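Peer 1: can't give you the sequence, but here's the structure:
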C-alpha cells in the first residue's frame, strides 16, 4: 500500500496527505516530548491551540511532516501530488498565523 501511495501523481492524494501529515506530526510530538506525557490528547490540543509559544513551535514542527512528503514527491517528479501537499501546508500555516493573532 505504501508503494501505491508513493507512485501516484494526483492532486487529491496530495491534499489528503497534506491534511494527514501535520496531524501525525502533532501525535509524534505529543508522545515523544516528555513535557506532554501527563496530558490527555484533548488537554494537549487545548494547550497547543491556546498557547501562542506552543502554537508557533509545535505548529512549525508538525508542518515538517509535510516538508518531508513534499520533498519526496518533488524529487520523484510527482508534481500534482506535491502541489496538493504544498497547498494544504500553506493553509495550515495561515491558520496557525490567524490563531496566533487571535490568541
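Peer 2: Thanks, I have it. A quick note: this is a predicted structure, and the numbers were derived from the prediction, not measured.

Peer 1: residue closest to the middle of the chain?
Peer 2: Taking C-alpha atoms, centre = their mean, the centroid of the chain lies closest to residue 22, which sits 1.6 Å from it.

Peer 1: any idea which helix or strand carries that residue?
Peer 2: According to DSSP states H and E, residue 22 maps onto helix 11-32.

Peer 1: buried ones in the helix or strand just after that helix, by neighbour count?
Peer 2: Downstream of helix 11-32, the first helix or strand assigned by DSSP H and E is helix 41-50. Residues 44, 47, 48 are the ones in helix 41-50 that count as buried (16 or more other C-beta atoms under 10 Å). For glycine as for every other residue, the C-beta is placed from the backbone atoms N, C-alpha and C.

Peer 1: so can I have JSON lines of those showing distance to residue 75 and pLDDT?
Peer 2: Listed next are these as JSON lines, based on distance: C-beta to C-beta, whole Å; pLDDT from 0 to 100:
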{"residue": "44", "distance to residue 75": "33", "pLDDT": "88"}
{"residue": "47", "distance to residue 75": "36", "pLDDT": "88"}
{"residue": "48", "distance to residue 75": "31", "pLDDT": "86"}
